[in-house]
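[1] structure for this input, please:
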Amino acid sequence: MKDQKVALRGEIRVPGDKSISHRSVMLGSIAEGITTVSGFLKSADCMSTIECFKAMGVEIELSGETLRIKGAGLRGLKKPDSVLNTGNSGTTTRLISGILAGQDFECVLDGDSSIRKRPMKRVMEPLALMGADISSIYDNGCAPLKIRGKALKGTDYEMPVASAQVKSAILLAGLLAEGETSVKEKIPSRNHTELMLKGFGADIETVGETIRLRPGRELKGMELTVPADISSAAYFMGAGLIVPGSDILIKDVGINPTRDGIIRVFKAMGADLEILNERTEAGEKMADIHVRYSHLTSVTIEDPLIPTLIDELPLIAVVATQAEGTTIIRDAEEMRVKESDRIKLMTEGLKAMGADIEGTGDGFVIKGQSELHGAVIEDEKDHRIAMSFTVASLIAGGEVTLKNPGCVNISYPGFYEDMKKLQM
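    Model (predicted):
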C-alpha cells in the first residue's frame with residue numbers, strides 16, 4: 001500500500017453482515033423445512049459455520065451469495081465423524097456451543113491458534129447453569145472444548161458484561177431446554193439473534209432489559225435477505241471522512257440500533273454523513289449511507305455506546321488521529337480478547353506511523369491531526385487490524401506494509417479490490 005492520497009468517489013455495496021450470516025446458517029439448520037438466504041457473506045468465518053453444520057448432516061447449498069438450507073429440526077443434528085473445526089470464528093464457537101449443549105451426542109469444538117487463546121468460560125459457565133456438560137480439554141478455559149449433550153433446564157441469567165455471543169448461546173440452548181429461559185442485559189448488545197429467532201417462529205420477547213424465550217415451538221424455515229455489514233461499511237465511511245475530496249455512497253447497510261454506534265460517533269465528530277432510503281426487511285433496519293470528506297473534532301467514547309461499535313474501535317482510532325482535539329476511548333477492555341489484543345496492536349502500529357496515541361487498560365487516548373507516515377505493521381492475522389491500517393495508508397506519506405494482508409478474507413474477501421475501485 002503506497003502513498004496514495006487519492007480521493008475515493010463512487011458507489012459501493014459491501015458484503016453481507018457477518019453476524020446475521022452466521023445466525024442464518026445456525027437457525028436455518030435447526031429449523032424445519034427450507035431456509036433461503038440472499039446476500040450471504042462468503043467469508044472464511046461464515047464458511048466455517050456452514051462446514052460445521054454440514055458435518056452434522058445438514059444439507060446446505062451455496063450458489064453465489066444465495067444459500068439454501070434443508071433444516072434438520074431442533075433435535076435432528078447428527079453426531080459429527082470428527083472434530084468440528086470453527087476456524088478463526090469466535091461467533092461460530094460460542095453460539096454453536098449453545099446448540100450442541102442440548103443435543104444427544106458428544107463432540108469436540110476446535111479452531112485455529114487464535115481461537116485456542118480466546119476466553120470460552122464466559123459461555124461455558126452460564127450453559128453449565130442450564131445443565132450443560134462442557135469442558136476445556138486443556139483446562140485453560142479455551143478451545144478445544146468437549147461438549148457432551150444433555151437435557152437442559154431453563155435459567156434466569158443476568159449478563160455481567162455486554163456480549164451478544166454469550167447471550168445468543170444461552171438463548172439457543174434455551175430452545176432445547178425445559179422451562180423458560182431469560183437473559184437480562186443492563187447494557188444492550190446486538191440483537192440479531194432475538195430478531196431472527198422471532199422470524200423463525202420462536203416464542204421470544206424483549207421487555208425492558210430482559211429477553212424471555214419459551215421453548216416448545218419448532219422453528220420454521222424462511223426466506224431472508226442479509227443487509228450489507230455495517231462493520232465492513234465502516235472502513236469506507238472512515239476513509240471517506242479523512243481522505244480529502246472523497247464522496248462515497250454505501251448501499252443497503254444494516255443500521256440495527258444495537259450496531260449503529262459508528263454512525264453516532266462519526267456524526268458527533270462532525271462528519272458530513274447522511275442516512276438515505278431507510279427501510280426494514282425481516283426485522284432488520286437498513287439504509288444507504290452517504291459520506292463526504294469532513295473536518296472532524298474529538299469525542300469521548302464509553303459505555304453504554306461501546307457494545308454498539310466494539311469491532312469498529314480500531315478504525316475509529318485511525319480516524320481520531322485526523323480529528324481536532326483529544327479523543328478518549330474507554331470501557332473497551334473487550335478489545336484485548338478479540339482475534340488479537342487490538343488495543344496493543346493499534347497503539348503500536350499508529351505510533352510507528354507517527355500518531356500521538358497512548359493505549360490504556362480499556363482503550364486509547366489519541367491527540368488528533370497527526371501527519372502519518374509509512375511503516376511496517378504487525379496485524380497478527382487480525383482482519384480488523386489489517387483493514388484499519390489499510391485506511392490509515394490512504395493518508396500516509398510513504399508505504400504501509402501489512403505482515404498478513406490476506407487475513408481480511410476472514411470477513412471481507414475483495415476488500416482491497418473494492419477500495420481500489422473507489423480510487424479510479
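
[2] all strands in the stretch 101-250 of the chain, in order from the N-terminus.
    Shown for the stretch 101-250 of the chain, the strands assigned by DSSP state E, counting those that start in this stretch span residues 106-110, 133-136, 145-148, 152-153, 156-158, 177-178, 181-184, 203-207, 210-214, 223-225, 247-254.

[3] okay but residue 29 is in contact with residue 55, surely?
    No. Counting by Cβ atoms under 8 Å, residue 29 does not reach residue 55; the two are 11.0 Å apart. Quick note: C-beta positions are derived from backbone N, CA and C, even for glycine.

[4] which residues does residue 367 contact?
    325, 326, 356, 357 (Cβ atoms under 8 Å, 6 or more residues apart in numbering).

[5] ok, and the most crowded of the residues you listed?
    residue 357 (23 neighbours; other Cβ atoms under 10 Å).

[6] returning to that earlier point: in strands, which of the contacts of residue 367 appear?
    Using DSSP state E, the subset of those located in strands is 326, 356, 357.

[7] more neighbours: residue 29 and residue 55, which one.
    Neighbour count, other Cβ under 10 Å: between residue 29 and residue 55, residue 29 has more, with 28 against 18.

[8] state the distance from the more buried one to residue 195.
    Computed as Cβ to Cβ, to the nearest Å, the residue 29 to residue 195 distance reads 18 Å.

[9] what does residue 41 give?
    Taking Cβ to Cβ, one finds residue 41 at 17 Å from residue 195.

[10] repeat for residue 46
    Distance from residue 46 to residue 195, by Cβ to Cβ: 18 Å.

[11] compare these two (neighbour count), which wins?
    residue 46 (30 against 20).

[12] pretty sure the more buried one contacts residue 18?
    Yes. Here residue 46 reaches residue 18: they are 6.4 Å apart, a contact under Cβ under 8 Å.

[13] give me the phi and psi for residue 105.
    phi -140, psi 170 (degrees, to the nearest 10).

[14] whoops, residue 52 was the one
    phi -60, psi -40.

[15] how many neighbours does it have?
    So residue 52, with other Cβ under 10 Å, has 27 neighbours.

[16] same deal with residue 7?
    Quick note: residue 7 (other Cβ under 10 Å) scores 17 neighbours.

[17] equivalent analysis for residue 420, please.
    So residue 420, with other Cβ under 10 Å, has 12 neighbours.

[18] confirm residue 275 sits in a helix?
    No. Counting by DSSP: H, G, I helix; E, B strand; the rest coil, residue 275 is located in no helix; its state is strand.

[19] name the residues linked to it by a beta bridge.
    residue 289 (DSSP bridges).

[20] what's the answer for the one 4 residues further on, then?
    Beta-bridge partners recorded for residue 279 (DSSP bridges): residue 286.

[21] mind listing what residue 202 touches?
    Applying Cβ under 8 Å, 6+ apart, the residues near residue 202 are 175, 213, 217, 219.

[22] relative to residue 258, how far out is the residue nearest to the third one when sequence neighbours are not counted?
    Take residue 217 and drop its neighbours on the chain: the residue closest to it by Cβ to Cβ, 6 or more residues apart in numbering is residue 203, 5.2 Å away. Residue 203 sits 21 Å away from residue 258, going by Cβ to Cβ.

[23] how about residue 281?
    16 Å.

[24] and residue 268, how many neighbours?
    Residue 268: 15 neighbours (other Cβ under 10 Å).

[25] now swap in residue 237 and tell me
    For residue 237, using other Cβ under 10 Å, the count is 24.

[26] so it sits against residue 292, correct?
    No. Using Cβ under 8 Å as the test, residue 237 is too far from residue 292 to be in contact (10.6 Å).

[27] give me the common contacts of those two.
    Common neighbours of residue 237 and residue 292 (Cβ under 8 Å, 6+ apart) are 248, 273.

[28] can you map out the helices along the protein?
    18-30, 44-54, 90-100, 121-129, 164-174, 192-199, 230-242, 261-268, 313-320, 342-352, 383-393, 415-421 (DSSP state H).

[29] residue 81 is nearest to which of these?
    helix 44-54 (11.3 Å; Cβ to Cβ).

[30] pull out the buried residues from the closest one.
    44, 45, 46, 47, 48, 49, 50, 51, 52, 53 (16 or more other Cβ atoms under 10 Å).

[31] now the residues you listed in CSV, with pLDDT?
    Below are these laid out as CSV (pLDDT from 0 to 100):
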residue, pLDDT
44, 93
45, 95
46, 97
47, 97
48, 97
49, 98
50, 98
51, 98
52, 98
53, 98
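
[32] pick out whichever of those sits closest to residue 134.
    Nearest member of these to residue 134, counting by Cβ to Cβ, is residue 52, at 15.8 Å.

[33] low-confidence ranges, this structure, go.
    1-4 (pLDDT under 70).

[34] recalculate using a threshold of 80.
    1-5, 281-282, 424 (pLDDT under 80).

[35] show me it divided up by domain.
    Domain assignment of the chain by automatic domain parsing yields the ranges 9-15+227-421, 18-225.

[36] so how far does the first one reach from one end to the other?
    Between the opening and closing residues of domain 9-15+227-421 there is a gap of 9 Å (Cα to Cα, to the nearest Å).

[37] show me how far it is from its chain's centre.
    Distance of domain 9-15+227-421 from its chain centroid, counting by Cα atoms, centre = their mean, to the nearest Å, is 14 Å.

[38] mind listing what's buried along stretch 316-323?
    316, 317, 318, 319, 320, 321, 322, 323.

[39] dump stretch 82-96 to CSV, keeping only the CA atoms.
    The C-alpha coordinates for stretch 82-96 follow below in CSV (Å, rounded to 0.1, in the frame of the first residue of the first chain):
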residue,chain,number,x,y,z
SER,A,82,-14.6,-35.8,13.6
VAL,A,83,-13.8,-32.6,15.4
LEU,A,84,-15.9,-29.6,14.5
ASN,A,85,-13.5,-27.0,13.1
THR,A,86,-14.6,-23.4,13.8
GLY,A,87,-11.5,-21.9,12.1
ASN,A,88,-10.9,-18.3,13.3
SER,A,89,-14.6,-17.7,14.2
GLY,A,90,-15.4,-16.8,17.8
THR,A,91,-19.1,-16.4,16.8
THR,A,92,-19.2,-19.9,15.5
THR,A,93,-17.5,-21.4,18.5
ARG,A,94,-19.6,-19.6,21.2
LEU,A,95,-23.0,-19.8,19.5
ILE,A,96,-22.8,-23.4,18.3
